[in-house]
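# no sequence on this one, just coordinates:
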């Protein structure tokens, strides 16, 4: 697992991040939305590769951002390649991100926008759903919180 700022990502690494997000969110899930949202530059990125040699095959990815105006940390763009699903990689990725947030932003509430199909996964990690579900790019989502 690699933790990197945007400026630390090589062009090849960011290409693989964008491709994995496109392949899953836009093509597989048929959700047309602006994935490249101008937030990558302020985010911390977590990348999990198929082997110790990076840049070979990106298997899992997520980012988080500290949002000063609303005093919270947001986890976003959690995505796994098809062949990486149901193998515990998503749980490992999320646990590393939560641990990093606890270290870097102690006491800050963490939010994420979960697809309804993934809600139970996030609940298993300690997230709690809040509010009503809403449509985001043609897929129902719900806001979830992790509070220390």
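Thanks, I have the structure now. Model, not experiment: these values are computed from the prediction.
# list the contacts of stretch 116-124.
In this structure, residues lying in contact with stretch 116-124 by C-beta atoms under 8 Å, 6 or more residues apart in numbering are 78, 90-91, 94, 112, 114, 129, 133, 139-142, 144. C-betas here are computed from N, CA, C, even on glycine.
# and it, how far apart are its ends?
Start to finish, the residues bounding stretch 116-124 are 14 Å apart (C-alpha to C-alpha, to the nearest Å).
# what residues sit buried inside it?
Within stretch 116-124, the residues that qualify as buried are 119, 122, counting by 16 or more other C-beta atoms under 10 Å.
# any idea how far it is from the chain center?
Offset of stretch 116-124 from its chain centre (C-alpha atoms, centre = their mean, to the nearest Å): 13 Å.
# could I get the average pLDDT for it?
The average of the pLDDT scores along stretch 116-124 is 97.
# tell me which residues of the longest helix seen in the chain are tucked away?
In the chain, with assignment by DSSP state H, the single longest helix is helix 89-104. Residues of helix 89-104 classed as buried by neighbour count (16+ other C-beta under 10 Å): 89-90, 93-94, 97-98, 101.
# same question, stretch 33-51
For stretch 33-51, the buried set under the neighbour-count rule, 16+ other C-beta under 10 Å, comprises 35, 40, 43-49.
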